[in-house]
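1. I would like the atomic coordinates for the input below:
(chains A, B, C and D)
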There are 2 protein chains.
Amino acid sequence: MVTGAAKLRRITEFARDAGVTVRALHLYDRLGLLKPAALTESGYRLYGEPELARLEQILALRFVGFTLEQIKELLGGSTPPLATALRMQREVIVRRKRRLESALAAIDEAARALDAGEPADLWATLRDVIEVFEVQNDWEWTKQYYSGEALERVEELQRTTPASVVEQGQRDWTVLIADVEEAVVRAVDPSSDEARTLANRWRALVGQFTQGDAEVSRGLNRLWNDSTHWPADFKRPWSDAADAFIKAAMNCGT
Amino acid sequence: MVTGAAKLRRITEFARDAGVTVRALHLYDRLGLLKPAALTESGYRLYGEPELARLEQILALRFVGFTLEQIKELLGGSTPPLATALRMQREVIVRRKRRLESALAAIDEAARALDAGEPADLWATLRDVIEVFEVQNDWEWTKQYYSGEALERVEELQRTTPASVVEQGQRDWTVLIADVEEAVVRAVDPSSDEARTLANRWRALVGQFTQGDAEVSRGLNRLWNDSTHWPADFKRPWSDAADAFIKAAMNCGT
DNA sequence: CTTGACTCCGACGTTACGTCAGGGCTTAGC
DNA sequence: GCTAAGCCCTGACGTAACGTCGGAGTCAAG
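-> Numbers count the residues shown, from 1 in each chain, chains lettered A, B, ... in the order given. Below you'll find the model as predicted:
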């Protein structure tokens, strides 16, 4: 055992070997993502081989699109749900890729319109392509983002829920949203019987989707209330008014 | 001509119709991207149909990945180089898509390693996939981003440059970078003859790529010096030391 | 002891907004 | 005419993952 004290390097050398910047290492340190092996008396950071290995894991997870916060969770736990996280992340990437493919389609359509010498059609063409994409994505949000603990359950849910149920849920959901929006337009009282009925339908749908799993249900509610978990380009398929209405109705009813 | 004063709407209604938020319209106004048709005495913004049309154009360009700044340029000029910009943007999107495809490949490889019950191989697998991607992208940067005026010239350059020339340039480039890095290691004096030779090779390569087009050459230099034009995940394939060295050498030489 | 290279840290900039707070404006109903 | 609800304004701050800058401390060589 002569390997007692492995060679420790200072930050610049370590950063160069690992292919990152000094400033990034500062950040990772501050976030608790990657701490130096030791500090000199004067506060210089010193890194060794284990830190290099961990940094490579961090970079690998960053490459596949996890945020630093997610990476911290994934590498932090004793038994990280890495396999599940990777599967979910795959879905996220696939969706982003589809988004880019829509953009490509839009560009190609626009180029065709330009080549055909119809600049007047250009914007209409682009708009059509974009609308098709956004309609496709309306339903996607529901199964999109879950945080932390309920990962496994959600994943099992996806495996055990047949596609037909999902499709039926999608239809029910669309209809319910339309009904709520219409109730808002008619200025229905959120404490009325009609509103309570809508709230019950809402609860039933959420319950159907979560199949009575309280943890998943709570996760959904948290997501619902905390928009910071939604992707940047996400737009709710219902209005703020409908949102406020259904919340009020659910608080009023039994 | 009874169409004198079209209907003007206030910001909330306009935003709802267009599918954007009030705050986004505030931003577009401040950036000069979309000004309201009129203001009331008290400063309320009023929007009409032409503004809706322009907003749809803005959203279309945003959808295909242009920044708001770029959109302002594209919609601002009298004869916007829209066709060229779309072609270049297509390239940008294609590269982003390839990036995501690499991430998918990495995830799939990792999943295979996990299924095979070899968690030890997991990180090595990921690292290999990522390295392949990054090597592929090393050369891409050169033709990646050009700002504004030289767009058309660059695009013509790409059409008129045969692939063999690009490949030869790529090889020369790689060799030159290696030589510079090695000179840095040997602490070669930037004002020495050897450094001047390197600087000349550098100039020759840049000149070959830009084919004597002064505007493109200036654009490259500006890009070179202004990293804000580079994509966020871009990393130079040479070190800061090499960067400083070659700049010093080019300033010293004849 | 100086010089140059290295290190630390805080503060600010980046993109395209969202959120909040503190204040004016408008309008319907009384 | 007054008031309350709802609309509108603005500025300030937050977001992710750093890059850049600047001022100050540290270290090794000459």
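2. low-scoring pLDDT stretches of the stretch 101-250 of chain A, where are they?
-> By pLDDT under 70, the low-scoring segments of the stretch 101-250 of chain A are A:118-121, A:129, A:131-175, A:178, A:200-241, A:243-244, A:247-250.
3. can you list the residues of it near chain B?
-> Residues of the stretch 101-250 of chain A lying close to chain B by C-beta under 8 Å from any C-beta of the partner chain are A:101-104, A:106-108, A:110-111, A:114, A:122-123, A:126-127, A:130, A:133, A:235, A:239. Any C-beta I mention is one placed from the backbone N, CA and C, and that applies to glycine too.
4. Pop the domain breakdown of chain A in here.
-> A:9-76, A:81-137, A:148-254 (automatic domain parsing).
5. how about the strands of the stretch 1-150 of chain A, start to end?
-> A:9-10, A:38-39, A:45-47 (DSSP state E, counting those that start in this stretch).
6. Please report the distance of A:L114 from DNA strand C.
-> A:L114 sits 23 Å away from DNA strand C, taking C-beta to the nearest atom of the strand, to the nearest Å as the criterion.
7. Please apply the same query to A:T67.
-> A:T67 is 14 Å from DNA strand C, by C-beta to the nearest atom of the strand.
8. Please apply the same query to A:L59.
-> For A:L59 relative to DNA strand C (C-beta to the nearest atom of the strand), the value is 19 Å.
9. In contact with that residue, which residues?
-> A:18-20, B:130 (C-beta atoms under 8 Å, 6 or more residues apart in numbering or on different chains).
10. swap in A:E51?
-> A:14, A:34-37.
11. Same check on A:G32?
-> If you count contacts by C-beta under 8 Å, 6+ apart, A:G32 has them with A:K72.
12. A:L25 now?
-> Per C-beta under 8 Å, 6+ apart, neighbours of A:L25: A:11, A:14-15, A:34, A:45, A:47.
13. A:V94 contacts B:L104, doesn't it?
-> Yes: between A:V94 and B:L104 there is a contact at 7.1 Å, judged by C-beta atoms under 8 Å.
14. mind checking pLDDT for the residue lying closest to A:Y44 once chain neighbours are set aside?
-> In this structure, A:Y44 finds its nearest non-sequential neighbour in A:R10, 6.0 Å apart by C-beta to C-beta, 6 or more residues apart in numbering or on different chains. Looking at A:R10, its pLDDT is 97.
15. if I look at the closest residue to A:L33 other than its chain neighbours, how far off is A:G48?
-> With sequence-adjacent residues excluded and distances taken as C-beta to C-beta, 6+ apart, A:L33 is closest to A:K72, at 5.2 Å. Relative to A:G48, A:K72 is positioned 20 Å away (C-beta to C-beta, to the nearest Å).
16. ok, now A:K7?
-> 7 Å.
17. Which of those two has more residues huddled nearby?
-> A:G48 (16 against 8; other C-beta atoms under 10 Å in any protein chain shown).
18. per-residue pLDDT, the closest residue to that one other than its chain neighbours?
-> Leaving out its chain neighbours, the residue that sits closest to A:G48 by C-beta to C-beta, 6+ apart is A:A37, at 4.4 Å. pLDDT recorded at A:A37 is 97.
19. same question, the one 3 residues further on
-> Note for A:T40: predicted pLDDT of 96.
20. Touching, A:F14 and A:Y47? I think so.
-> Yes: counting by C-beta under 8 Å, A:F14 does reach A:Y47; the two are 4.1 Å apart.
21. who's more crowded, those two?
-> A:Y47 (25 against 22).
22. Give me the more crowded residue out of A:V94 and B:L104.
-> B:L104 (17 against 14).
23. count of residues packed around A:L68?
-> 15.
24. again, but for A:T12
-> 12.
25. before we move on, what about A:A113?
-> 18.
26. The residue nearest to A:G48 and DNA strand C: what is the separation?
-> According to C-beta to the nearest atom of the strand, A:A37 stands 12 Å off from DNA strand C.
27. Would you check that A:I130 makes contact with A:A106?
-> Yes: taking contacts as C-beta under 8 Å, A:I130 lies within contact range of A:A106: 6.1 Å.
28. if we can go back for a sec, just the buried residues out of the contacts of A:L59, in PyMOL syntax.
-> In PyMOL, a selection of the buried entries from those looks like this (16 or more other C-beta atoms under 10 Å in any protein chain shown):
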select buried, (chain A and resi 18+20) or (chain B and resi 130)
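29. Stretch A:83-91 near DNA strand D anywhere?
-> No: counting by C-beta under 7 Å from any atom of the strand, DNA strand D is not contacted by stretch A:83-91; separation bottoms out at 12.4 Å.
30. If you count neighbours, what's buried in that stretch?
-> A:83, A:85-90.
31. between those residues, which is nearest DNA strand D?
-> Nearest to DNA strand D among the buried residues of stretch A:83-91, counting by C-beta to the nearest atom of the strand, is A:Q89 at 12.4 Å.
32. Name all residues that make contact with that closest one.
-> Neighbours of A:Q89 in contact, by C-beta under 8 Å, 6+ apart: A:64-66, B:107.
33. one step back: and among the strands of the stretch 1-150 of chain A, the most buried is which?
-> strand A:45-47 (a mean of 20; mean count of other C-beta atoms under 10 Å in any protein chain shown).
34. Parallel or antiparallel, list what pairs with that strand.
-> strand A:9-10 (antiparallel), strand A:38-39 (antiparallel) (DSSP bridges).
35. how about those strands, which one is nearest DNA strand D?
-> strand A:9-10 (9.2 Å).
36. follow-up on the earlier one: dump the buried residues of stretch A:83-91 into JSON lines; add pLDDT as well.
-> Compiled in JSON lines, those are given as follows (pLDDT from 0 to 100):
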{"residue": "A:A83", "pLDDT": "78"}
{"residue": "A:A85", "pLDDT": "80"}
{"residue": "A:L86", "pLDDT": "84"}
{"residue": "A:R87", "pLDDT": "80"}
{"residue": "A:M88", "pLDDT": "78"}
{"residue": "A:Q89", "pLDDT": "85"}
{"residue": "A:R90", "pLDDT": "87"}
